[in-house]
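Novice: Take a look and give me a structure for this.
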Amino acid sequence: MSHSEPVMGQATSSKPPRASVSDAALGWLLGIVAGALGLAPWWITGATLPLQNLWATEVLPDQMPVGLLPLNQYQLTSIVALLGVGGAAAGLTVRIWAPVRRRLVTWCAAGGVLAVQFTATAQSFAVLNEGLAVGSMSSVYLAGLLAGVIGSIIAALIALLLMASPSTVKTTIGVGLMAVPVTSWGVEWVVSVAGYTNLPTAVPTIARWLPAALIGCALAWCGNKPARRTVAWVANLAFLWFVPALFTSVQYVLGTRVVAGDVPEMLLMSRQILTATLGPDGGAGPTIFLALAIGLAGLGVRAILARRVSNPA
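Specialist: Numbering: from 1, shown residues only. Okay, the predicted model is just below:
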């Protein structure tokens, strides 16, 4: 009996606690819901695959098959937003939840998000591949779209890990990374519900300034002490300068048919537009100033509140 008891104890301790199993299941479910939420603005439209320049037959828009992702060269920035928000939403929920087994829940949530996104990717590319005309251009088109989707999924995973981190600096950087995609995701919702023809005139203006407001609030929340938190300030202001310019460059190059299929010319045009957008005439200055102003104002409010707490009347 004395020899059997330790063995039984070891066998019992090797089983995962019920709480760990519950947290893992909740994390997985959270990831699935977040991944679906990210794709919801596209799904509520009916998820009919956009018309394709290389489609094998001529069809009307409503005759296109269902695709869980809007695969099209004109929709690449929308795909980044749809996939990125799924990861960010899961990470932010884990951050707010702050479970004891944070690492376990975070990776289970990542698994749920990836399950949704991989399923959507596989289904969409299967449908697209079946309908495209046979030829080298179709192969290049598929490969380019697949590279873009894979990059978007990786960005979503990075956003999830940053947002779920207990580190204030990492979470703030995650907000800065996702500020533009989240804004694009919100615009997708408005377009899906109202349609392009009924789009409120205020939407473009809000979309221009909302990333700066989000980043400014994140910087105010982050604070500037200890000094290492200035890394988050520099990174987020850099994101606000670079990411909108990158989105503009990608949308412009992929949205023109003048150089469609000419990869070297597309890369050259993309570099030229990106350089111009990042320049002093690119328009990033006012948004960066707004984010910085909101962040500094937030620091001032925090200092006043802290002073009142330490020196009550």
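
Novice: so where's the stretch 1-150 of the chain shaky on pLDDT?
Specialist: Along the stretch 1-150 of the chain, the parts satisfying pLDDT under 70 run over 1-17.

Novice: the strands in it, which residues?
Specialist: Shown for the stretch 1-150 of the chain, no strands are assigned by DSSP state E, counting those that start in this stretch.

Novice: Now do the helices in it.
Specialist: 4-14, 18-43, 76-97, 102-131, 136-164 (DSSP state H, counting those that start in this stretch).

Novice: ok now the longest one, how far from the chain's centre?
Specialist: Yep, that's helix 102-131 we're talking about. In terms of C-alpha atoms, centre = their mean, to the nearest Å, the centre of helix 102-131 is found 14 Å from the chain centre.

Novice: how about that helix: buried residues?
Specialist: Residues of helix 102-131 classed as buried: 102, 104-110, 112-114, 116-117, 120-121, 123-125, 127-128, 131 (neighbour count, 16 or more other C-beta atoms under 10 Å). Using the backbone N, CA and C atoms, a C-beta is placed for each residue, glycine as well.

Novice: do stretch 87-97 as well
Specialist: Using 16+ other C-beta under 10 Å as the test for burial, stretch 87-97 gives 87-95.

Novice: which stretches of the stretch 201-313 of the chain form helices?
Specialist: Counting by DSSP H, counting those that start in this stretch, the helices of the stretch 201-313 of the chain are 203-222, 230-254, 263-278, 284-310.

Novice: give me every residue that touches the closest residue to Tyr252 other than its chain neighbours.
Specialist: Residue nearest to Tyr252 in three dimensions, not counting chain neighbours: Ile273, with 5.4 Å by C-beta to C-beta, 6 or more residues apart in numbering. By C-beta atoms under 8 Å, 6 or more residues apart in numbering, Ile273 lies in contact with 248-249, 252-253.

Novice: Find the nearest non-adjacent residue to Thr106, please.
Specialist: With C-beta to C-beta, 6+ apart, the residue lying closest to Thr106 is Ala164, at 4.5 Å.

Novice: I'd say that neighbour and Arg95 touch.
Specialist: Yes - assessed by C-beta atoms under 8 Å, Ala164 is found in contact with Arg95 at 5.4 Å.

Novice: Give me the common contacts of the two.
Specialist: With C-beta under 8 Å, 6+ apart as the test, Ala164 and Arg95 reach no residue in common.

Novice: how close does Val182 get to Ile273?
Specialist: 23 Å (C-beta to C-beta, to the nearest Å).

Novice: got it, and Ala232?
Specialist: 29 Å.

Novice: May I ask which of the contacts of Ile273 has the most neighbours?
Specialist: Sorting these by how many neighbours each has (other C-beta atoms under 10 Å) puts Val253 first, at 23 neighbours.

Novice: which one is that one nearest to, not counting chain neighbours?
Specialist: Closest to Val253 by C-beta to C-beta, 6+ apart is Ser270, at 4.6 Å.

Novice: so what's the residue nearest to the spatial centre of the chain up against?
Specialist: The residue lying closest to the centre of the chain (C-alpha atoms, centre = their mean) is Gly84, at 1.9 Å. Applying C-beta under 8 Å, 6+ apart, one finds that Gly84 lies in contact with 38, 152, 155-156, 159, 178, 181-182, 185.

Novice: what's the answer for Gly31, then?
Specialist: Contacts for Gly31 (C-beta under 8 Å, 6+ apart) come out as 90, 108-116.
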